[in-house]
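Student: have a look at this prediction, sequence included:
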Amino acid sequence: MNFKDYFIKGIHGTLQLKGNTQFSYKNQWKQLYANTVLDQWHVGEIMSAEYTVVIDNGRHAKETIKAVVVAGPGNASISIIGRASLANNIVNLDVVVTDSSLQLTASPVDVAATGARAIFSATYYQTLTD
């Protein structure tokens, strides 16, 4: 794979995808149980993240959730900004924060969703102050 086959320099210091290039995800999935940690980061390095979480619980139970998270030492907030599902909601997302780290967790909504598989993609925003 040649980098130059897919990317060119964009305007204002950006990286631009060439012609009909898209992203595709099928990274390592996690099986979901109560309070399964999907992602974790150090609060001092990162202050915010945007997530796309995709859940597969069989042929007729699939869900995609878009969420934004912001965190500081001892305090965090998550907002679900979009959700699409083939059936009822499969999981609940939550954040747990300590003085030094944030965890994004997922829990099945009901017993039928226990063991569902989840993957995610994220964009991280670094802390702007010391």
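Tutor: Thanks, I have the structure now. Numbers count the residues shown, from 1 in each chain.

Student: just give the number of residues close to residue 18.
Tutor: Residue 18 is flanked by 10 other residues according to other CB atoms under 10 Å. Quick note: C-beta positions are derived from backbone N, CA and C, even for glycine.

Student: can you tell me which residues contact it?
Tutor: With contact taken as CB atoms under 8 Å, 6 or more residues apart in numbering, residue 18 is in contact with 5, 6, 7, 8.

Student: ok, those vs residue 56, which is closest?
Tutor: residue 6 (27.1 Å; CB to CB).

Student: let's have the contacts of residue 18 in TSV, adding distance to residue 23, pLDDT and secondary structure.
Tutor: What follows is the contacts of residue 18, written out as TSV (distance: CB to CB, whole Å; pLDDT from 0 to 100; DSSP: H, G, I helix; E, B strand; the rest coil):
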residue	distance to residue 23	pLDDT	secondary structure
5	15	86	helix
6	10	91	coil
7	12	91	strand
8	16	91	strand
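
Student: can I get those in JSON lines including neighbour count and distance to residue 119?
Tutor: Converted to JSON lines, the contacts of residue 18 look like this (neighbours: other CB atoms under 10 Å; distance: CB to CB, whole Å):
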{"residue": "5", "neighbour count": "9", "distance to residue 119": "25"}
{"residue": "6", "neighbour count": "14", "distance to residue 119": "22"}
{"residue": "7", "neighbour count": "13", "distance to residue 119": "23"}
{"residue": "8", "neighbour count": "11", "distance to residue 119": "28"}
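
Student: quick one: the strands in this structure?
Tutor: For the chain, the strands defined by DSSP state E occupy 7-9, 15-17, 30-31, 36-42, 46-56, 62-72, 75-85, 91-97, 101-108, 117-126.

Student: good, wrapping up.
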